[in-house]
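**Student:** A structural model of the following input is requested.
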Amino acid sequence: MHSGKVVGSIDRRRVELGEQLRKLLVVWGTTPAAPVPAPTTGATARLKRAVKGAATPASGIGNELLDALLAVANQALKCGYDDELNLALVISDTVLAQRKNSRAGWRLRARLLEAIGEEAEALAAYEKYLELTDDDGFGVRARIAGLRAAGEGERELFALLRRQCPRAEEFTRGDATATWAEGLAAHDAGDWAAAEPRLVGALLALDDAPVGDRQELLGQYLDLRLAADTDVTPGLTEVLALYAEQRRNRMRGPVADPTIGGVQWISLGEFRNRIAGKSICLIANSGRVGASSMGAEIDAYDLVVRFNSFRIDPRHTGSRTDIHATIHKHGFNWEKQVDTRLVFGGVSGDWKWSLRNRLVPGAQTHLGDESLRWPVRNIGRLSTDVWSGIPTTGFNMLYLLDFLDVSPKLDLIGFDFYESGAYRVQEAMKLAITSVHEYTSEKAWVMDRAQSVTDLRISLR
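**Tutor:** Numbers count the residues shown, from 1 in each chain. Model prediction:
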């Protein structure tokens, strides 16, 4: 039914959702149907329903179908519209009713609850997810810390407003919507003395409202207060500071060490100087590497480059990691000690947000700055007209090294472009091999420049 709703959509997020739905339907068409929980009335009621103890039907959900369902739900969450949130809700109910200890299911439930503003329930779901995993590659602990700090900051802000406007107490017992409307009417009439206690009273009465609603009205109240106050008083400054801090914590979590452990930022030129004259190998996260027995050869290079959710097995993969190149969207291996970490990302703001949220102080000595953020686009100037797909982390790194051209030996180990499957840390093994990359084009680019090719090694120098 939902597939029909997204046909012809001009919203790219819904177009991508349509693609995931088509994939799901193909899988479902070849999979025996499993019992689906009967829907209950009301989205919020369904979200809050306890599924922890739900019985698991004997047939269950097969892994392939589960992955396809989760791919749809994750894309639906990105859309953010009510219809898509309801779709994600149906999938969340189905997954957790049949797999009550599904890590991906609990993380989906937590993200969904957070999206609709039910933060207390979201925190409980995030905690359940952490109980079921040893590898926090998605930064859930930081998310929990941010939401808790934001909630405490919001409560502190409301307590401050209560103290600053004692008359607001008499307006907390009526209908909040009607009280807010009265406050706006008083403001429009130029009577701020009558407006403010009603506006604050309405805010204080919203204890059980979704977080998004409270935040939106808080922003409106502060806009009106800023316009009404001819001078920025200490009281207003204190309110603004608390408001800003809880907003920041909700967006990115508290930052324990703003200097990120005294990391040394390096630019394109400084990175070039650090690798000049050194032999470099790039290790793929492929099944071929995981069975290669090349560990000693890999460790013999001057510099070993690994990617994203790399997995270490010294006999096969080698034990050293000198450079960790990773996309900013995932937090796998950011705690691993390396000399240099390069974080790639296409959108500057999102990239900066991830650095603040995911970087582990002391885990890297050198960190690439914005000149190294997106090599294929920003250094190579390959626009979407020339290279339409989103470049992979591996291709960004390889393009950067080829562009600098200062390494006497530049080898790719195990690069078969996922023909042998993925070899990653356990938590990342469920991640889909995304279709937004042009693996065929990247392979052609590599082979055009290859000096020699064996079963496990491609040499570009």
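**Student:** and the residue nearest to residue 332 when sequence neighbours are not counted, what does it touch?
**Tutor:** Closest residue in space to residue 332, ignoring its immediate chain neighbours: residue 309 at 3.7 Å, by Cβ to Cβ, 6 or more residues apart in numbering. To be clear about C-beta, it is placed using only N, CA and C from the backbone, and glycine gets the same treatment. By Cβ atoms under 8 Å, 6 or more residues apart in numbering, the contact list for residue 309 reads 137, 285, 330, 332-333, 424-425, 427-428, 431.
**Student:** and if we set it to 7 Å?
**Tutor:** Counting by Cβ atoms under 7 Å, 6 or more residues apart in numbering, residue 309 makes contact with 137, 285, 330, 332-333, 424-425, 428.
**Student:** for these, which one is nearest residue 450?
**Tutor:** Checking the contacts of residue 309 against residue 450 with Cβ to Cβ, the nearest one is residue 285 at 20.0 Å.
**Student:** neighbours of the closest one, just the number please.
**Tutor:** When counting by other Cβ atoms under 10 Å, one arrives at 25 neighbours for residue 285.
**Student:** Repeat that for residue 349.
**Tutor:** 8.
**Student:** Now it: which helix or strand?
**Tutor:** Secondary structure from DSSP states H and E places residue 349 in helix 348-358.
**Student:** And for residue 88?
**Tutor:** Judged by DSSP H and E, residue 88 forms part of helix 82-98.
**Student:** Following the chain onward from that helix, which element is next?
**Tutor:** Following helix 82-98 toward the C-terminus (DSSP H and E): helix 103-115.
**Student:** what packs against the helix holding residue 88?
**Tutor:** Secondary-structure packing of helix 82-98 (3 or more Cβ pairs under 7 Å, 6 or more residues apart in numbering; DSSP states H and E): helix 43-48, helix 63-79, helix 103-115.
**Student:** and of the ones you listed, who's closest to residue 325?
**Tutor:** helix 63-79 (23.9 Å).
**Student:** Residues contacting the closest one, please?
**Tutor:** Outside helix 63-79, the residues that reach it (Cβ under 7 Å, 6+ apart) are 13-14, 16-17, 20-21, 23-24, 27-28, 31, 84, 87-88, 91-92, 94-95, 104, 108, 111-112, 115, 430, 432.
**Student:** Of all the helix elements in this protein, which one is longest?
**Tutor:** Identified as the longest helix of the chain according to DSSP state H is helix 140-164.
**Student:** thinking again about what came up before, summarise which helices and strands the helix holding residue 349 is packed against.
**Tutor:** helix 234-252, strand 338-344.
**Student:** Name the residues that touch that helix?
**Tutor:** By Cβ under 7 Å, 6+ apart, helix 348-358 touches 139, 142, 252-253, 255, 328-329, 331, 334, 343, 345, 370, 373.
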